[in-house]
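J.: below is the structure, and that's it, no one-letter string:
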């Protein structure tokens, strides 16, 4: 795995802009396995190591990434919004883990892991 930002899609996409919006509009936070956990704010993020942004048609968007929090924990996240943007119909799920490997395994779908070149993961 690399420690660089990986972007797919619009060259103008700012990874921090996507995640900031996702954190504003009612995100869900979980531990591996699905138990709810207290969330975090954009100011708690130390770095985003991987980012994916896709616009398959028009303004609809799918986003995903992996990052490290300032307290040393990691997170994997996936989110989406419709053509009206984050403030209307959207959703984001963040899975907080103890390692970058687990953030990939538990926080990202098989399709997203494949886009990042990571083949290992949970059974889906």
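T.: Okay, I see it. What you are looking at is a predicted structure, and each value in this text was computed from that prediction instead of being measured. Numbering: from 1, shown residues only.
J.: show me what the lowest-mean-pLDDT helix or strand in the chain is packed against.
T.: Least confident helix or strand, the chain: helix 15-24 with a mean of 85, by mean pLDDT, DSSP states H and E. Contact here means 3 or more Cβ pairs under 8 Å, 6 or more residues apart in numbering; DSSP states H and E; on that basis helix 15-24 packs against strand 45-54, strand 61-69, strand 74-82, strand 85-97. Bear in mind the C-beta positions are built from the backbone N, C-alpha and C, glycine included.
J.: and it with strand 85-97, angle?
T.: Angle, helix 15-24 to strand 85-97, by axes from the mean of the first three to the mean of the last three Cα atoms, to 10 degrees: 90 degrees.
J.: ok, and what's touching helix 15-24?
T.: Residues from elsewhere that reach helix 15-24, judged by Cβ atoms under 8 Å, 6 or more residues apart in numbering: 5, 7, 39-42, 45, 48, 51, 53, 61, 63, 65, 67, 77, 79, 81, 85-86, 90, 92.
J.: please identify which of the helices and strands packed on helix 15-24 is closest to residue 112.
T.: When the helices and strands packed on helix 15-24 are ranked by proximity to residue 112, the top entry is strand 61-69, at 4.6 Å, counting by Cβ to Cβ.
J.: closest to residue 35 out of the helices and strands packed on helix 15-24?
T.: Among those, strand 85-97 comes nearest to residue 35, with 10.3 Å by Cβ to Cβ.
J.: residues in contact with the residue most central in space within the chain?
T.: Note on the chain: the residue nearest the mean C-alpha position is residue 77, at 2.5 Å, using Cα atoms, centre = their mean. The contact partners of residue 77, by Cβ under 8 Å, 6+ apart, come to 19, 22, 27, 63-67, 92-95, 107.
J.: which residues does it form a beta bridge with?
T.: On the basis of DSSP bridges, residue 77 is bridged to residue 65, residue 94.
J.: pLDDT on stretch 99-118, on average?
T.: Averaging pLDDT along stretch 99-118 gives 91.
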